[in-house]
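**Student:** fold the stuff below for me.
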Amino acid sequence: MSGPELIETEGVPIRAWVRGVQLEAGARRQLENVARLPIVYHHVAAMPDVHWGIGATVGSVIPTERAIIPAAVGVDIGCGMMAVETSLVAADLPDTLRPLRAAIEDAVPHGRTDNGGRNDRGAWRRGVPAAPAAAWAELVGEYERLVHAHPRLGRGNDANHLGTLGTGNHFIEICLDEQDRVWVMLHSGSRGVGNRIGTYFIELAKQDLRRAIKHLPDRDLAYFQEGSRHFRDYVDAVAWAQRYAAVNRQLMMDAVLAELRAAVRPFALGATAVNCHHNYVAREHHYGKDVYVTRKGAVRAGLGELGIIPGSMGARSFIVRGKGNPASFCSCSHGAGRAMSRGDARRRFSLEDHARATAGVECRQDADVLDETPGAYKPIDAVMAAQDDLVEVVHTLRQVVCVKG
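**Tutor:** The predicted structure is shown next:
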């Protein structure tokens, strides 16, 4: 049985799509803290991949009146998914997929390990290629205006991270759908510059609310109110970081498609392509009011809208179509959701466990990716069953190649 459980709080209620999946105590406390804020409107929605997060709960949807909570948006602003269908089929792929994985890893900077001078730390330190440079030329004007107002935002990677994957749960995959058609799917966001914007404004919110912050259930839930000193700058900065994230995904997708063409043969793109955020804030109309909706680890699932819900390494992923359920603020989960911390996963699982869980997928099977092993996540089938009133499945994808940072 799908549908939300109702959790009463000292503030607005919580509607949680957690039937058949875990809602850990820490995540529940975080949700209750958010629900107590005076700016939260109507109710808080929790998706079935909900789990404890830094600042605010991952897998939460938070509507607020005339205010935004920067820590709820988070530091990976605009993080999200992109998937593209191709005209290739499974039989077109080479029998051995390791060279294709190596080619993708060489084309897209990722991870902490040196990648020909193009890893996560250095990125394009031998020079930004033409495509990211041209994209940056379109983005830099507004960024420079933000830096002029807030000089600390100008310290660190910006152009140097365009077209790069990052680390953690960010990934690039070659997948097959239920008809053995080949898809390319990837997950990343606004990288170093988004992290810097998020971190900076989270601290500014605490300063702006310093007189009232002692009354908050959690200092990380400090917020900007409309008309306050830094509200408009934050809205502009977040909107810019969300554009940066979408452009970043497109640049990586173009690079991966080029490597796939070189490894296989020329092909056309299919009818379906999706590029969606799952860490962001948007102005929307719900329950009779215009509100700011913050989706931290949640995808917009308005009626007919396409989204992506990835599984973990070795698990299935889904292209979905939203049902426009108003109770979830037209949202769905952004993935399977972690079932345990990265440290717990490293302690609990062995390399042999990881190899068994990712059998049939060309991917890394070393100790550095143990925290991303499938057993560290909730079962994706249970997550999907818990939200069948939020989305319908359009395509089911299984990975054959997975690149992790």
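
**Student:** where do the helices sit along the stretch 151-300 of the chain?
**Tutor:** Assigned by DSSP state H, counting those that start in this stretch, the stretch 151-300 of the chain shows helices spanning 191-208, 231-263.

**Student:** of all those, which one is nearest Tyr223?
**Tutor:** helix 191-208 (6.0 Å; C-beta to C-beta). In short, each C-beta sits where N, CA and C put it, glycine included.

**Student:** the closest one - contacts with which helices or strands?
**Tutor:** Packing contacts for helix 191-208, counted by 3 or more C-beta pairs under 8 Å, 6 or more residues apart in numbering; DSSP states H and E, involve helix 70-73, strand 224-225, helix 231-263.

**Student:** strands along the stretch 251-400 of the chain, start to end?
**Tutor:** With strands called from DSSP state E, counting those that start in this stretch, the stretch 251-400 of the chain shows them at 269-277, 279-286, 289-296, 298-300, 306-309, 317-322, 331-333, 391-404.

**Student:** out of those, deepest packed?
**Tutor:** Mean neighbours per residue, mean count of other C-beta atoms under 10 Å, is largest over those for strand 331-333, with a mean of 31.

**Student:** count of neighbours near the residue nearest to Arg66 when sequence neighbours are not counted?
**Tutor:** In space, and not counting its chain neighbours, Arg66 is closest to Glu226: 4.3 Å by C-beta to C-beta, 6 or more residues apart in numbering. Using other C-beta atoms under 10 Å, Glu226 is surrounded by 12 other residues.

**Student:** so what pLDDT did Glu226 get?
**Tutor:** In this model, Glu226 is scored at 96, pLDDT.

**Student:** phi and psi next, for it.
**Tutor:** For Glu226, the backbone dihedrals are phi -50, psi 140 (criterion: degrees, to the nearest 10).

**Student:** please verify my assumption that it contacts Tyr234.
**Tutor:** No. The pair Glu226 / Tyr234 is not scored as a contact, 10.8 Å apart, by C-beta atoms under 8 Å.

**Student:** look up which residues are beta-bridged to Arg15.
**Tutor:** Note on Arg15: beta-bridge partners by DSSP bridges are Leu6, Ala45.

**Student:** hmm, back to that, I'd like the helices of the stretch 151-300 of the chain as JSON lines, with mean neighbour count and mean pLDDT appended.
**Tutor:** Below are the helices of the stretch 151-300 of the chain laid out as JSON lines (neighbours: other C-beta atoms under 10 Å; pLDDT from 0 to 100):
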{"stretch": "helix 191-208", "mean neighbour count": "22", "mean pLDDT": "94"}
{"stretch": "helix 231-263", "mean neighbour count": "20", "mean pLDDT": "97"}
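
**Student:** quick one: the helices and strands packed on helix 191-208 as CSV, columns for distance to Leu31 too.
**Tutor:** Below are those laid out as CSV (distance: least, C-beta to C-beta, whole Å):
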stretch, distance to Leu31
helix 70-73, 11
strand 224-225, 21
helix 231-263, 22
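
**Student:** quick one, which of these is nearest to Asp381?
**Tutor:** Using C-beta to C-beta, the helices and strands packed on helix 191-208 put helix 231-263 closest to Asp381, at 26.4 Å.
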